[in-house]
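# Prediction below, plus the sequence it came from.
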Amino acid sequence: MDTTDGTTLHAALRAENASVRLRAALAAGTRPDRDLLETLVQRCAVEPDFFVRDMLSWALTRLPAEVTLPRIRRELAAEDARARAQALHSLSKIGDGRAWPWITGDLLRDPDDEVARTAWRVAVALAPDGAERGLAEELVTQLGRGDREVQRSLSRALVELGDAAETALAEAARCPDPMVATHARATDRLRHDPEAGFDAAVDEAKRLVALGPERAAAVEATEAGRC
C-alpha cells in the first residue's frame, strides 16, 4: 500500500493535520488505486478544508469514470448537504455527460444554497444540446433567491446558457415579485453585456422595475433607439 509519512493512505486521508491529508490526497491522485475509492468519497463528504476537498475531487477524476460515477451518484441523495455539494463538485471535475440525468430539479432547487449553486454550475456544464431551454426554465424558478453571491451564481449560470435563456428571463422580468423581476432583468443585462458587472446590472434593473412594466418598456425602447 502506498504510504505518506509512514502511514497508509487510508489512514493519512483521515489524519488530524490538514497538511498530511492534503499530501495523502495528492498521492492518491498521483498513483490512482481503486481500493481508495470509498475512502476518497467518504472524505469528500466530511473534509473541512477547501484545498483538501478539491484535491480529493481531483484524485477521484484520476480513477476510471465507470468506477467513480456510480459511487458518486449515491452521494447526491445524501442527507448531509456537504456530501451532496461535494459530489456535485466532483462530477463537475469529471465532466462526464452521463451524469447529466442525475442533476435533478430537486438538486437545482436544493434548500442548501451551496448545493444549489454547485448544481446550477454542473447542470450548465453537462447539459446536452437541446436541453438548454428546459434547464433555463428550471433555473429561473430560483431567481431572487439568497444573498448577492447566490444570485450572482445563478445569473452566471443563466448567462452561460446564452439565447436559450432569453424567453424564460423575459417572462420572469414581468413577475409581480420585484426581487424576481429585478434579478431577471439584471441577468438579461449581463447576457447582453457581460462586462457590465453584476452590481451595476442590479442597480439598473431596480430602476426599471420601480418604473413599472409600461414605463420600463418605454424607457428601454428609447434607450435602444439611441444605440
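Sure, I can see it.
# C-alpha only now, for contacts and for neighbours.
Will do.
# can you pull out the strands in this protein?
Along the chain, the segments classed as strands by DSSP state E run 3-4, 7-8.
# ok, which stretches of this protein are helices?
9-12, 18-30, 37-46, 50-61, 65-75, 81-94, 105-108, 113-126, 132-139, 148-160, 166-172, 178-192, 198-211, 213-226 (DSSP state H).
# what's the second one in contact with?
When contacts are taken as Cα atoms under 8 Å, 6 or more residues apart in numbering, the neighbours of helix 18-30 outside the stretch itself are 4-5, 9, 12-15, 36, 49, 51-52, 55-56, 58-62.
# Buried residues, it. List them.
Ala18, Val20, Arg21, Leu22, Arg23, Ala24, Ala25, Leu26, Ala27, Ala28, Gly29 (16 or more other Cα atoms under 10 Å).
# quick one: low-confidence ranges for the chain?
Residue ranges of the chain with pLDDT under 70: 1-7, 213-227.
# Please repeat the previous calculation with a cut-off of 80.
The model of the chain has pLDDT under 80 over residues 1-7, 211-227.
# which residues sit against stretch 175-184?
140, 143-144, 151, 155, 169-170, 172-174, 202, 205-206, 209.
# ok, of those, which come out buried?
Those of the contacts of stretch 175-184 that meet the buried threshold are 140, 143-144, 151, 155, 169, 172-174, 202, 205-206, 209, by 16+ other Cα under 10 Å.
# Dump these to JSON lines, plus distance to Thr187.
Below are the buried ones among the contacts of stretch 175-184 laid out as JSON lines (distance: Cα to Cα, whole Å):
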{"residue": "Val140", "distance to Thr187": "10"}
{"residue": "Leu143", "distance to Thr187": "9"}
{"residue": "Gly144", "distance to Thr187": "11"}
{"residue": "Gln151", "distance to Thr187": "9"}
{"residue": "Ser155", "distance to Thr187": "5"}
{"residue": "Leu169", "distance to Thr187": "8"}
{"residue": "Ala172", "distance to Thr187": "11"}
{"residue": "Ala173", "distance to Thr187": "10"}
{"residue": "Arg174", "distance to Thr187": "13"}
{"residue": "Val202", "distance to Thr187": "8"}
{"residue": "Ala205", "distance to Thr187": "9"}
{"residue": "Lys206", "distance to Thr187": "12"}
{"residue": "Val209", "distance to Thr187": "13"}
